[in-house]
Structure formats: structure tokens, C-alpha cells
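1. everything below, folded, please.
(one chain, ligands or ions: 1)
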Amino acid sequence: MIAVTGATGHLGRLVIASLLRTVPPSQIVAAVRTPEKARDLASKGVVVRQADYSRADTLAPALAGVDKLLLISGSEVGRRIEQHKAVIAAARQAGVKLLAYTSILHADRSPIGLAEEHRQTEAAIRSSGIPFVLLRNSWYTENYAGAVAQAVKMGAHYGCAGSGRISAASRADYADGAAAVLIAKNDQGGRIYELAGDESFTLAEFAAEVARQSGKPVRYQDLPEAEYKAVLVKAGLPEVIAGMLASADAGIAKGALFDDSRQLHALIGRATTPIASTIAAAPASKA
Ligand SMILES: NC(=O)c1ccc[n+]([C@@H]2O[C@H](COP(=O)([O-])OP(=O)(O)OC[C@H]3O[C@@H](n4cnc5c(N)ncnc54)[C@H](OP(=O)(O)O)[C@@H]3O)[C@@H](O)[C@H]2O)c1
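-> Predicted coordinates for the structure are as follows:
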């Protein structure tokens, strides 16, 4: 049995879809916080079980009989270390033979604020004794889809990433990578994958591509980190989220999300999705 946590999220759904290409649905467990959201998966024959990271009582039953587990990092920033530790403990109890975890690119040395919860989760996985695979994902190209309309409207894209390069790939690319690891016939235990897009871009190049596709002038405006955070707060984002996003950009400026090892390409056996495709799919990309 292969279980995927967070299976009703964007990435989790894509992993399940990828697995279903080769694995019978009865051998896939969608371990989800809210089973009602997974009715479509159940109707395909996927085994749906409740697994709430904050409710330890749900975790051991959800993982019963599971051989391989994909732990998709949770979305409740600040609570994730304890939540992930609860899943790891349940996996050990259930005798899981391989635990794959979606971490962040170069987690061991990433200066991005969000990396700390991933580092601590990685440490907990290592000390659990369960054979593990670290899927250290770079940014999703989709992170920028929502920025396209705003950039076209404002004539500018704001950030504090300087000329840092971002090696992003689409969620579907990372999902196929995770599925490839889960169905691999060879032993994956102990592997650490740095997963990133084939191509990288700066935010100035992102703005230039938005301008090219929309036919409207769009420039990149680089700001000091504190100023960028203030812009995000003014735009209505909560202080904490604004700080996280500004920290991420500051990390990008230092090369935190650049990787040219093409490990994701090798894992999925095809080119990753370029940022231009994500921009093209965004509603405001055409004039
Ligand atoms: N690499 C990147 O660029 C990037 C960007 C954003 C996020 N991430 C990370 O990657 C993860 C997957 O991305 P995504 O796009 O699929 O995010 P998403 O659509 O927000 O999905 C997050 C999933 O985590 C589940 N979850 C959250 N808290 C939970 C809990 N207490 N118990 C059980 N499940 C819980 C959610 O369950 P529900 O369906 O019930 O809400 C959802 O299925 C995110 O959670 C985050 O850690 C990475």
C-alpha cells in the first residue's frame, strides 16, 4: 500500500493522479484531514482514510498496512514541526518501510525562514530510523500565476529578490517526481533529491515575459526587504505572511532557490514546465 497525506491539496491530488497511471486504486491510500473532500477519489476506488496532523488518534489507523508513505508538508506554518512529528511517530508505529517527505530546496543550508520547519522535520525523520527519501522541492511556478494580473494592472512586479535566479517547476512536475520515487523498483532509502526546474529566471525576466505575453509594459521593481514587506502588508497580507514572503525573496537574492542539477528532469524523464507556460495559463496574460 502507498499512502499520500494532504491528498486533497493541490500537490496531493496530482500525486494521486500520477500514481493512478500505474498503481491499482485499491493499493493507494488518500490520507486526508477532511474525508468528505475526497469523495471523488473514493469513487475511483482509492482508499480514503482520515489523517489529521493535529489529531494523533487519526494517524495510526490511517497508516495501518501502509508500506510507503508520502508525507506532504502541512500548510499551517508555525505548527508543522509538531504535526509532522506526529505523522512520523505514527509511521514508525505502523511499520512503514519508506517515508518520503516534501521538503524545501537545499533545506540544510537554505536562508529562507520557511526552511526551519523543514530542517527540523528532516531531523525528526532521520532520527526515527524509518528508511526515508527527502524530496527537497524548489518553488512552484504556480506561485507566480496570481501575480500576473496584478503586474499587468500595475505595470510592475514588486519583490526583493534582486537578481537571484529561481529554478521553479510546476506542481505536476513535482507530483510526478514524488510518484516516481514511490513506485520505483530500486531501493530509494537514504536518497536526497534536490528538485527544481530545468530553467531558472530572475524576477526581472518574469516581468519581461509577462510584458511580452500581455503586450503591456511591465517592469520589475526591486525593493529593500523591509520595504517589500511593508508593501505586502499595505496590500492586505497579514504581517506574518508578508514577512515570510519577503524572507523568501531575500533568500532568492542569495541563490536559495537556484539549482541546475536537473534531478527532477531525470526523475520524471521529461523537461519540467517553464514559467512562460504558467504565465500563459494565467487569465491576465493576454491583452
Ligand atoms: N514549493 C512551493 O513553492 C510551495 C508553495 C506552497 C506550499 N508549499 C508546501 O507544499 C505543501 C503542498 O502544497 P499544495 O500546493 O498542495 O498546498 P495546499 O493545496 O494548501 O495543500 C496542503 C494540504 O495539507 C493539508 N493539511 C494542512 N493541515 C493539515 C492537517 N492539520 N492535517 C492533515 N492535512 C493537513 C491540507 O488539507 P485540506 O485539504 O483538508 O485543507 C491540504 O491537503 C504545502 O502544504 C506547503 O507545505 C510549497
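
2. neighbours of the residue in the chain that the ligand sits nearest to, just the number please.
-> Nearest residue of the chain to the ligand: residue 9, at 2.2 Å (Cβ to the nearest ligand atom). Using the backbone N, CA and C atoms, a C-beta is placed for each residue, glycine as well. Residues lying near residue 9 (other Cβ atoms under 10 Å) number 19.

3. find the nearest non-adjacent residue to it, please.
-> Of all residues beyond its chain neighbours, the one nearest residue 9 is residue 72 (6.5 Å), with distances taken as Cβ to Cβ, 6 or more residues apart in numbering.

4. could you report the neighbour count for that neighbour?
-> By other Cβ under 10 Å, neighbour count at residue 72 equals 22.

5. ok, it - contacts?
-> Residues in contact with residue 72 (Cβ atoms under 8 Å, 6 or more residues apart in numbering) are 4-7, 9, 11-12, 15, 102.

6. cool, and residue 68?
-> Here residue 68 is in contact with 1-3, 96-100, 182 (Cβ under 8 Å, 6+ apart).

7. could you pull out the helices for the stretch 51-200 of the chain?
-> 56-63, 80-94, 115-128, 145-154, 171-183 (DSSP state H, counting those that start in this stretch).

8. dump those into CSV; add mean neighbour count, mean pLDDT and distance to residue 262 as well.
-> Formatted as CSV, the entries for these read as follows, by neighbours: other Cβ atoms under 10 Å; pLDDT from 0 to 100; distance: least, Cβ to Cβ, whole Å:
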stretch, mean neighbour count, mean pLDDT, distance to residue 262
helix 56-63, 18, 96, 33
helix 80-94, 20, 97, 28
helix 115-128, 18, 98, 22
helix 145-154, 18, 94, 23
helix 171-183, 23, 98, 12
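
9. okay if I get those helices as CSV plus distance to residue 259?
-> Putting those into CSV (distance: least, Cβ to Cβ, whole Å) gives the following:
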stretch, distance to residue 259
helix 56-63, 31
helix 80-94, 23
helix 115-128, 14
helix 145-154, 21
helix 171-183, 13
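
10. counting only strands, which of the contacts of residue 72 make the cut?
-> In this view, the contacts of residue 72 that belong to strands under DSSP state E are 4-5, 102.

11. ok, back up a step: who wins on neighbours among the contacts of residue 72?
-> Most neighbours among the contacts of residue 72, by other Cβ under 10 Å: residue 4, with 33 neighbours.

12. hey, what's the nearest residue to it once chain neighbours are set aside bridged with?
-> Using Cβ to Cβ, 6+ apart and skipping residues adjacent in sequence, the residue nearest residue 4 is residue 70, 4.6 Å away. With DSSP bridges applied, residue 70 shows beta-bridge pairing to residue 4, residue 100.

13. wait, isn't residue 70 in contact with residue 180?
-> No - under the criterion of Cβ atoms under 8 Å, residue 70 makes no contact with residue 180, lying 11.4 Å away.
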